[in-house]
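In: Here is a sequence with its predicted model. Questions after.
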Amino acid sequence: MTQTSSTLGRWGPSLLEDGRVQFRLWAPAEETVTLLVGGNEIAMRPAGEGWHTAETDLARPGDRYSFRLPDGLVIPDPASHAQEKGVEGPSIVVDHASHAWQHPGWKGRPWEEAVLYELHIGTFTPEGTFRAAIDRLAHVRDVGITAIEIMPVAHFAGRRGWGYDGVLHYAPHNAYGTPDDLRALVDAAHGHGIMVLLDVVYNHFGPVGNILPRIAPAFFHPERHTPWGAALAFEQEPVRRYFIDNALQWIVDYRFDGLRLDATEEISDESEKHVLIEMAETVRQAVPDRPVHLVVEDQLSRKSLLNRDGGVVRHYTAGWNDAFHHALHVVATGERQGHYAPFAENTTALLREATAKGFVHADRNQDRVGPAPQDRLPPQVNVNFLQNHDQVGNRAFGDRLTQIADPALFDVMTAMLLLAPPAPMLFMGEEYGEERPFLFFADFTGDLAQAVRQGRKQEAEKFGGLETDKTLDDLPDPIAEETMRRSTLDWSRAASPDGRRRMDFVRYLIRLRQAHVAPLLSAAAAPQILPAEDGVLAVDWHFSAGTLRLRVNLTTERKAWPAAGGETIFERGADGAAGPAIAVTIDRAGKPPRGAAIGTKVPLVCF
């Protein structure tokens, strides 16, 4: 029988084989703790090292429970698997083994086939629920998406938010539905052949509802801080287990195909084995029978996280390639302030490096997480994107790149994204040219709400600033419910003529990728950047099965690019013509890789 995460870890309630429920709480600052469940009060016994535990036959799945501290304060379980209402109310006992999976034989998909689609549950559909998202999976599948990446669902304060301020990391936010609703979404995606990754935040807790500073001050490091508050003391074993067990819960109990870890550069650990390495090793050991894809957002671009051994992923599968986005954003918009300032000079050179190899600003002196990579890292260790929640939502008015970039240039950038070897990611609505904004929104009150409003003004300066005819007073109120409603996808646009044309274009590019690019990715590549005029990219990736050649003109001028022999897979514009243009070719080595056309030229389709 498959082992569940509740038997692997120490945090949260466990359903025992004899029908009892075991409750555990790490509260080293509390001498006694009382369990409140089903109208009963049960004194928990000390279990050493600050742990309090109780086993009882008075609790069943679905029961509400809380912990009472010596001064009478009643708190939820920090490892609650579900909440009755908000983050400060009672927790719910959850039976993870009772869900009737419809696709129990799902074995995942290889990373080489990954085409990701980032979405926010609350704004993906008008209903904003796990169940409602199921009804849109056929659309996602038909576009050619093979993996959805869901923004954080861990329970946060209030009813609406991006999810990066979670405080109960084990509990899916009940504004979106129940744990079984989330399982149903994952299950349905698998039925469509779609992998599901979950965005998780293991670098801080949100500002409302976190009880751990009271019951376990040692959970936080007294001398380190993140941009969002106190740093976590990963040198403490219970802290490590809290997050490692949480990763196991999502992968084992909910059958997610992977996780995307937010801002891993803020996960500081001076233990002999870094918590990020232990987490990856533990997850992979627990799930040996299907691929698990762990993705990092790491501003330090640490290659040691992405180590390969004989081509096999040792720890993390891939990392977000912000440099690719930032350099292209400068090209498309001319914006050069804030996060884009490091790309304002030598933009083309930086874009070439980001496209060919990634790790543009990697610093070997900061790469101290794990052992140095044993093998050459394949290009798909990079996740490339033109837009994501940060790059759209942190803009002053949440405007999408489709609204501020030249359409011809955006088409070329899209082809460049989807036909280069790195794993591509679209942001929800990008496939049909969504025009509604995606704005930052939260559900705080009082001084915290005002602080969030002020923070939005500062953040806007980092992501393009204000339009010339706008002032700070014009910024959308991040606390207003209307701001979230304005961010909800307009599905009628997907059915419009313009939306259908855009989807046809994206679908065609993804089909080309799966037929011709993906089969090359089973082996590592030697990237080569060829000399070219400013504004022109010429990159060759030499695989064992052939060479993929990318040629791009990102300017409005007449530009020539180095010759690219082989079979033409896609082209838009022409070598030496004025305006944005792209050509992608493959020089086969011996037999074409499986899935590619043999002895034919791919028909060129105009949109």
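Out: Everything's here; your move. These numbers were taken from a predicted model, which means no experiment stands behind them.

In: for the stretch 451-600 of the chain, which spans come out with low pLDDT?
Out: For the stretch 451-600 of the chain, the stretches with pLDDT under 70 are 468, 590-600.

In: Where do the helices of it begin and end?
Out: In the stretch 451-600 of the chain, the helices defined using DSSP state H, counting those that start in this stretch lie at 481-486, 491-494, 497-512.

In: Kindly reformat these as CSV containing mean neighbour count and distance to residue 327.
Out: Bear in mind the C-beta positions are built from the backbone N, C-alpha and C, glycine included. Below are those laid out as CSV (neighbours: other Cβ atoms under 10 Å; distance: least, Cβ to Cβ, whole Å):
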stretch, mean neighbour count, distance to residue 327
helix 481-486, 16, 30
helix 491-494, 15, 29
helix 497-512, 18, 21
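
In: per-residue pLDDT, the closest residue to residue 250 other than its chain neighbours?
Out: Excluding its sequence neighbours, the residue lying closest to residue 250 (Cβ to Cβ, 6 or more residues apart in numbering) is residue 256, at 4.8 Å. Residue 256 carries a pLDDT value of 98.

In: Which residues are in contact with the nearest residue to residue 401 once chain neighbours are set aside?
Out: Once flanking residues are discounted, residue 401 sits nearest to residue 387: 5.3 Å by Cβ to Cβ, 6+ apart. Going by Cβ atoms under 8 Å, 6 or more residues apart in numbering, residue 387 touches 325, 400-401, 426-427, 430.

In: Residue 387: what secondary structure?
Out: State at residue 387, reduced to three classes by DSSP: H, G, I helix; E, B strand; the rest coil: coil.

In: How far does stretch 273-282 sit from its chain's centre?
Out: Here stretch 273-282 is found 19 Å from its chain centre; the criterion is Cα atoms, centre = their mean, to the nearest Å.

In: Got phi/psi on the closest residue to residue 291 other than its chain neighbours?
Out: Spatial nearest neighbour of residue 291, chain neighbours left out: residue 108 (4.2 Å); criterion: Cβ to Cβ, 6+ apart. Dihedral angles of residue 108 (phi, psi; degrees, to the nearest 10) stand at phi 80, psi -170.

In: in the stretch 251-400 of the chain, which spans are strands?
Out: Applying DSSP state E, counting those that start in this stretch to the stretch 251-400 of the chain gives strands spanning 258-261, 293-296, 308-309, 312-313, 318-320, 382-385.

In: Out of these, which gets the lowest mean score?
Out: Per-stretch mean pLDDT for those is lowest at strand 308-309 (a mean of 86).

In: Point out the other helices and strands that it packs with.
Out: Applying 3 or more Cβ pairs under 8 Å, 6 or more residues apart in numbering; DSSP states H and E, we find strand 308-309 packed against no helix or strand.

In: quick revisit: in a markdown table, list the strands of the stretch 251-400 of the chain along with mean neighbour count.
Out: Putting these into a markdown table (neighbours: other Cβ atoms under 10 Å) gives the following:
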| stretch | mean neighbour count |
| --- | --- |
| strand 258-261 | 26 |
| strand 293-296 | 26 |
| strand 308-309 | 15 |
| strand 312-313 | 15 |
| strand 318-320 | 27 |
| strand 382-385 | 26 |
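
In: tell me which of the contacts of residue 387 is nearest to residue 115?
Out: Among these, residue 426 lies closest to residue 115 (Cβ to Cβ), at 7.7 Å.

In: Look up how far residue 406 lies from that closest one.
Out: 19 Å (Cβ to Cβ, to the nearest Å).

In: the more surrounded of these two?
Out: residue 426 (26 against 14; other Cβ atoms under 10 Å).

In: if you skip the residues just before and after it, what's nearest to the more buried one?
Out: On the basis of Cβ to Cβ, 6+ apart, the spatially nearest residue to residue 426 that is not a chain neighbour turns out to be residue 117, at 5.2 Å.

In: wouldn't the one you found be in contact with residue 144 here?
Out: No - when contacts are counted by Cβ atoms under 8 Å, residue 117 is not listed as touching residue 144 (9.7 Å).

In: tell me the pLDDT at the residue nearest to residue 401?
Out: Per-residue pLDDT puts residue 387 at 97.

In: Same question for residue 606.
Out: For residue 606, pLDDT reads 40.

In: Low-confidence regions, the protein specifically.
Out: Applying pLDDT under 70 to the chain flags residues 1-9, 373-374, 468, 590-607.

In: what's the domain layout of it?
Out: As assigned by automatic domain parsing, the chain contains the domains 5-92, 113-509.

In: Buried deepest among those, which one?
Out: Highest mean neighbour count among those (mean count of other Cβ atoms under 10 Å): domain 113-509, with a mean of 20.

In: now do the same end-to-end measure for that domain.
Out: Taking Cα to Cα, to the nearest Å, domain 113-509 runs 13 Å from one end to the other.

In: chain center to stretch 36-44: distance?
Out: With Cα atoms, centre = their mean as the basis, the mean position of stretch 36-44 lies at 39 Å from the chain mean.

In: Which stretches in the stretch 451-600 of the chain count as strands?
Out: 526-529, 536-543, 546-553, 567-572, 581-588.

In: so can I have CSV of the ones you listed showing distance to residue 148 and mean neighbour count?
Out: Shown next, in CSV, are the strands of the stretch 451-600 of the chain (distance: least, Cβ to Cβ, whole Å; neighbours: other Cβ atoms under 10 Å):
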stretch, distance to residue 148, mean neighbour count
strand 526-529, 29, 14
strand 536-543, 27, 22
strand 546-553, 26, 25
strand 567-572, 25, 19
strand 581-588, 26, 22
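
In: Output those in a markdown table; the columns should cover distance to residue 281.
Out: Below are those laid out as a markdown table (distance: least, Cβ to Cβ, whole Å):
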| stretch | distance to residue 281 |
| --- | --- |
| strand 526-529 | 29 |
| strand 536-543 | 29 |
| strand 546-553 | 33 |
| strand 567-572 | 38 |
| strand 581-588 | 37 |
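
In: For residue 363, find the nearest of those strands.
Out: Among the strands of the stretch 451-600 of the chain, strand 526-529 sits nearest to residue 363 (Cβ to Cβ), with 20.3 Å.

In: What strands flank the closest one, and is each parallel or antiparallel?
Out: strand 536-543 (antiparallel) (DSSP bridges).

In: quick one, the partner strand and strand 546-553 angle?
Out: 170 degrees (axes from the mean of the first three to the mean of the last three Cα atoms, to 10 degrees).

In: ok, now how distant is the closest residue in space to residue 135 that isn't next to it in sequence from residue 502?
Out: In this structure, residue 135 finds its nearest non-sequential neighbour in residue 125, 7.3 Å apart by Cβ to Cβ, 6+ apart. Counting by Cβ to Cβ, the gap from residue 125 to residue 502 is 20 Å.

In: and if you look at residue 257?
Out: 27 Å.

In: who touches the residue nearest to residue 426 in this structure?
Out: 140, 143, 145, 147-149, 425-428, 431.

In: What about those residues, which are in strands?
Out: Counting by DSSP state E, those place 147-149, 425-427 in strands.

In: All the strands of the stretch 101-250 of the chain, residue numbers only.
Out: Along the stretch 101-250 of the chain, the stretches classed as strands by DSSP E, counting those that start in this stretch are 116-119, 147-150, 154-156, 166-172, 195-200, 220-226, 229-232.

In: For residue 188, which of those strands is the nearest?
Out: With Cβ to Cβ as the yardstick, what comes closest out of the strands of the stretch 101-250 of the chain is strand 195-200 (9.5 Å).

In: distance between the closest one and the chain's centre?
Out: 6 Å.
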